[in-house]
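A.B. asks: Mind looking at a prediction? Sequence and model below.
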Amino acid sequence: MTVQVTDRLSQLYVGNGVNTRFDFTFRIFDQEDETGVAVRIKVGNEFEFLDETKYTVTINPDNLGGYVNFLDAPDAQTYFYIAGKTPVDQLLDITNYDNFYPDAIERALDKLTAILQEWKHLVDFETQARILADLNYDELAQQREAELRAYIDGIASAITGQPVLGLPSKFVVDGDETQEQINDKSARAFASIEDLLNYTPRGNGQIAFVKSYYADQNTGGRYFKYDSEKANENDGVVVFNGWVGGITNNTITSEMVGIRDGEDAASKFDLLAAFMQNKSYNLRLSGSIFSTKELVLMYLKDSIIEADDLYHVPPLNKPLNNNRGAITIRNSTNVTVQDSYLHGECVAHYDNREDGQAGIVFIDSVGCKALENRIERFHAWAVLGTNCTDTLVTGNTIKHIVRQSGINIWFGSGSNNIARNNTISDVGLYGVEFENHTLLNSDGVAKDNIISDCFQGATLVNLIENAKVVGNEISQCYRGITYSLSTSSAKLRLFRNTVSNCQMGLQHGVAEMRSSRNTYTYEAQSFYKTSPYSSVSAIDADGYVYVAESAGITNGLTWSVGEVVQINGTSYTVSTVATGVSLPNYAYTFVKLKFSVNPTGLRVGDFILHAPNALDNIGMHLYLGGNFNSRLDSIKGYPIPVRESMSTSGGTRQLNSLQVDSDYFVFKFDNVLSNTKCKFTVENLQLTGNANVALVDPTDTNSKTTCSYLSSIGYIRPKGYYTLDFLDAVSYGNFAAITQGRRTLKPMQVIAVELEYTNLASNTGNPALLCNDQNLEITLGKVLSGTGVSGIGFTGISPFPINAYLNTFKLITTGSLSDLGYNRLRYKLFYI
C-alpha cells in the first residue's frame, strides 16, 4: 500500500497526573519481541526514549494505530510523544523458485519507508538540540571569561598588593595608542549642562555631547569641546568652565542659555547682552518668553534678531532710562530685528504718565532695521529711534500703543530714516511722529503706511528738515496730519496722502510746507481718541476706572458727569467723577470714574473715546505762521474746508487749484494779526457742491485781517454770483491790489454789483470794479458826513460783457489812492 503520512509521531502530550492512556494513529510494524512503538520524553533540550517497562503498548487489529498505557500517570511537568520504532531489518526472502507475492513485497517496502521516516525524525531532533545548546554558548563563554579574569586579577593583586578592579587603560594598546589616550579624546554624552559641569574633563580637546540644557527638556543640546585655557571662564552662553559649545549658522539661541516657558528670562537676558556685545552673531529667541527686563544689545554689527513671542512687562518702579524697549539696540551698525512678535501690558512709568515700556528701540545706531514684526500693547512707542541714521522700519504691524507713537525714528540728530508699508492702528498719540528738540534730524520719510484710529495720524514737531510724508492712508484719527515746528526754515513735503474721516484733515503751524495731490474726505463720526490721556490706568473690584489726570496739560481732558464715552465699541455714560485721586506707587494723580454700567473685560491700556469738538471739524487748518503751498489738493465733506487763523507774523499761504466739495462755505478767517506781513493767495479754486460763499468772514469783532487777498475762480458756481468778504481789508489804503484773478472757465456778463460796507470814510470817491481792464464804477452816492457811515449799496446795470472770459478783476477807487477806509467791505458780483 502507499504511505500517505510522513510523520510517524503522535501529538506532543503533557501529563496531568491522572490520565494513563495516550493514543497514536500511525501504522505499526511489529515482530516477535519488538512492538515497533516507543515513548520519547523531554529531558532538558532533548527527547530521550523512556524505559519500556514503564508502559505497555496495545496495537489495533489492522496494525493501524493503537495506544500506550503508562503504569504511573505522567505529571504536569512531563512532555512526551509516541513515535514509531520499527526494527531495522529486512526478513522477506525471495528465492528463484518462489512465487512473487505482492502483499509481502509491499509490506517490506512500507517497513523500509517507515524506518526512513523514523530516522529522519531522529536527525531533526538532533539538529534542534544542537541549536538549543548553542543558545547558551554566550552565557558559558562569559562565565569562562569571568573565571579567567578573576584568575588574572588574583595574580596581579598578589604582585601589586592592591585589589585589581580592572585592567588599567594605559596597559591596553590599540595600534600606536593606549586605551587611555583614546579615552581622552572620545566623546561623552551628558543629559544636561549641570551634568557636564559636574564631570572632570580627561584632557584638552575632549568632546562632549549635551542632550539638553536641562535634563527635563529636549532643547539646547549641542557638542562641546574642552579648552583647558578657558577652564576658569563661564559666560553662560558658549563657554562653561572651559567647555566651549558649538554655534550653528552663526546664531545664538535662547535654548543655549536655558530660557524656559513660564520663567522670567531677565537674568538670561543679562547673559545674552554681555555675550553679544562687540560681536556679529545673530540671535534667535524661540518659543514663548516672558521677561521683566529689557534685552539691551550693544555694539553689534551685521546681526539679525528674531523673537517668536516675547512678552515684556517691567515692574512698575523700574528706573526710567533710554533702555525702555523690549528689544533695545545701542551703538550698533546694520542690526535687523525681524519676524518677531513683541507685546506687553501697557505699563506706564510710576513717575511719568507719558513714558513707559516700548517695543523696539534703536539708539545711536546706523543702518538698523525693523522688518515684518508684530508689536502690540506697549505704553510708550512701538518703534523708537534716537540719534540714528539710515534706519528702515517696514512691513510691521503695530497695534494698541497707549501714550506715545507707533513709529518715531526721527528723534535726536540723524538723517535718512524711513518708515514705509507699515500698518499702524489704535495709538493714543501719533501713528507716525517726526519729533526732535534741539538737534536737527533731516531727510526723513513716512511712505505708504496705513494709519488708523489714532489721536493724530502723522505729526511733525520741532527741528525736522526736509521731511516727506508720501502716499499714506490715514483714517479715523482725530487729526490726520499735523505740522508744528519751532523754526520757519524747516521744510515738509506732503504728497499723495489720503486722509479720510478724520475730525481735522490737516493742521499746519510753523515752517515751510509744500502740499500736493492730497485728499481730505470727511463723513461724520461719533467717537474719536480726542486726547492722548484717555486710557484705562487701573480698575478696582468695585468697578471704578482710573485714568491719569491731565486737566491743564496740552491735549488734556476734563471729565464731566453725563458725558457719553465709548470703550471697546460699547457706549457708557459717566455717572461719577472724582479728581486728584492717588494710587499706590504712582507719583501723579488720577481721575476716578464710575459709569452707569460697569464695563466688562477691561484691561489696563484700553482706550476711552469721546465725542469730537465741532470747532475742530476742518479740512485744512492753517494757523501760526510760515509758508504753506498747496497744489491740486482736494477737500470734501468738511463744514469748514479751509480755516485761516494765523497768529504769528510772516509767511505766505498759497492755494493753487484747490478742489473743494462743500455745501457750506470754503474759507473761514479768524486771524489775530496786527501787521501785513502774511499773504494769502487762492488761485484756480475749483468748487463743487452748494457752497454759498468763496471767502467768509466770521463776525468776531476782535478779529482783524491784515492780509492782502489774491483770488481767482476756476469754476463759476451755478448760483450766478461770486462773493468776496473782507474784514479790515485796508485801513485808508490803496484798493488797487486787493483782488486779482485769472481766467474763468466760461464767458460771463455782469448784471449787478452789491457792496456792503461799514464805516465808509468821508469822501466823494466811489469804489469801482475793474474787469479785464474795463472800469465798472459802483455808485454808492456821495458821503457828506465827516464821520464814517455804514450801509449797503446796490447798482443794477445793463448786461456788462467782460470780453467773453473773466481774466482779471480788482477793486479800485475813483478818488485819491488813500481816501477810502472800511471796517467791513463785502461785494457780490452778479452775472449771467
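C.D. replies: That came through, no problem.

A.B. asks: contacting residues for residue 35?
C.D. replies: Residue 35 makes contacts with 28, 52, 57, 59, 85, as judged by Cβ atoms under 8 Å, 6 or more residues apart in numbering. Every C-beta, even on glycine, is put in place using the N, C-alpha and C of the backbone.

A.B. asks: Mark which of those are part of strands, please.
C.D. replies: Of those, the ones assigned to strands by DSSP state E are 57, 59.

A.B. asks: how does this structure divide up, domain by domain?
C.D. replies: 13-134, 184-246, 538-610, 716-831 (automatic domain parsing).

A.B. asks: between the ones you listed, which gets the lowest average pLDDT?
C.D. replies: Note on the domains of the chain: domain 716-831 shows the lowest mean pLDDT, a mean of 45.

A.B. asks: Neighbours of residue 573, how many?
C.D. replies: 12 (other Cβ atoms under 10 Å).

A.B. asks: And the closest residue to it other than its chain neighbours, how far from residue 563?
C.D. replies: Closest residue in space to residue 573, ignoring its immediate chain neighbours: residue 596 at 4.3 Å, by Cβ to Cβ, 6 or more residues apart in numbering. Separation of residue 596 from residue 563 (Cβ to Cβ, to the nearest Å): 11 Å.

A.B. asks: higher neighbour count, those two?
C.D. replies: Higher neighbour count among residue 596 and residue 563: residue 563, with 16 against 12, using other Cβ under 10 Å.

A.B. asks: show me the contacts for that one.
C.D. replies: 573-574, 610-611.

A.B. asks: now do 10 Å
C.D. replies: Applying Cβ atoms under 10 Å, 6 or more residues apart in numbering to residue 563 gives the contacts 557, 572-575, 577, 593, 610-611.

A.B. asks: Likewise for residue 641?
C.D. replies: 505, 520, 522, 618-620, 634-635, 658-662, 664-668, 687, 689, 691.

A.B. asks: Helix or strand: which one has it?
C.D. replies: strand 640-645 (DSSP states H and E).

A.B. asks: tell me the mean pLDDT over that strand?
C.D. replies: 84.

A.B. asks: Give the buried residues for it.
C.D. replies: When burial is assessed from 16 or more other Cβ atoms under 10 Å, strand 640-645 yields the following buried residues: 640-645.

A.B. asks: Could you do stretch 274-293 as well?
C.D. replies: 275-276, 281-285, 289-291, 293.

A.B. asks: What of stretch 565-576?
C.D. replies: Buried residues in stretch 565-576 (16+ other Cβ under 10 Å): 565-567, 572, 574.

A.B. asks: same check, this time on stretch 403-419
C.D. replies: 403-415, 417-419.

A.B. asks: contacting residues around the residue nearest to residue 573?
C.D. replies: So residue 596 contacts 562, 564, 571-576 (Cβ under 10 Å, 6+ apart).

A.B. asks: Can you list the strands that the host helix or strand of residue 398 pairs with?
C.D. replies: Here residue 398 sits within strand 397-401, counting by DSSP H and E. As defined by DSSP bridges, the strand partners of strand 397-401 come to strand 374-378 (parallel), strand 423-435 (parallel).
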